[in-house]
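Enquirer: 3D model of this:
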Amino acid sequence: MFYILSDTEVALNELLVACRASIDHYEAACELIGDEDKITLFRSITNQRTDLSEQLAAAIRELGDLPAAPDPDKETSEMLIEHLGASLSENDADYIMSQRIKAEEQLQSLVDKAREMERELSEGHRALLIDLSKHIDETIKALLLNQ
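Expert: Purely as a prediction, here's the structure:
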């Protein structure tokens, strides 16, 4: 059976994939960065993001869709590029932090895109997107403070 996704389902799935990929990127960054404070920050972000991702996956199921998963090949190539960029930069930690900030800004744009579907979202879905947006804003501020 072929099922056509609504714009809302597409937007939420894109957001979920990006959230799950960001978790993997933070986990990989923990292995690259030598600063314990930054590792602690990354793990805190990962824990919060995991909880929000699980809630987002449940919200997608409520719409009758199955949550999407990150593309492992794409994610591997992105991590390879990030590792290479970090190794070529003068300061690995600065490079990693700047990459995480850029990724958070892209994630925020996906949240904004999903929030444009407001009429099609339940109150619970809207609240979840607001929580995720706040989490991303707080994450960007924390990354900037620790840069």
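Enquirer: Name the spans of this structure whose pLDDT lies under the cut-off.
Expert: By pLDDT under 70, the low-scoring segments of the chain are 1-5, 65-91.
Enquirer: mind listing the helices for it?
Expert: 7-32, 36-62, 72-88, 92-115, 123-145 (DSSP state H).
Enquirer: In TSV: these, plus mean neighbour count.
Expert: C-beta: built from backbone N, CA, C; applies to glycine. Output for the helices of the chain, formatted as TSV (neighbours: other Cβ atoms under 10 Å):
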stretch	mean neighbour count
helix 7-32	19
helix 36-62	16
helix 72-88	13
helix 92-115	18
helix 123-145	16
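Enquirer: The spatially most central residue of the chain: what's it in contact with?
Expert: Nearest to the centroid of the C-alpha atoms of the chain, with distances taken as Cα atoms, centre = their mean, sits Cys19, at 2.8 Å. Contacts for Cys19 (Cβ atoms under 8 Å, 6 or more residues apart in numbering) come out as 49, 52-53, 56, 107, 132.
Enquirer: Swap in 7 Å and give it another go.
Expert: Cys19 makes contacts with 49, 52-53, 56, 107, as judged by Cβ atoms under 7 Å, 6 or more residues apart in numbering.
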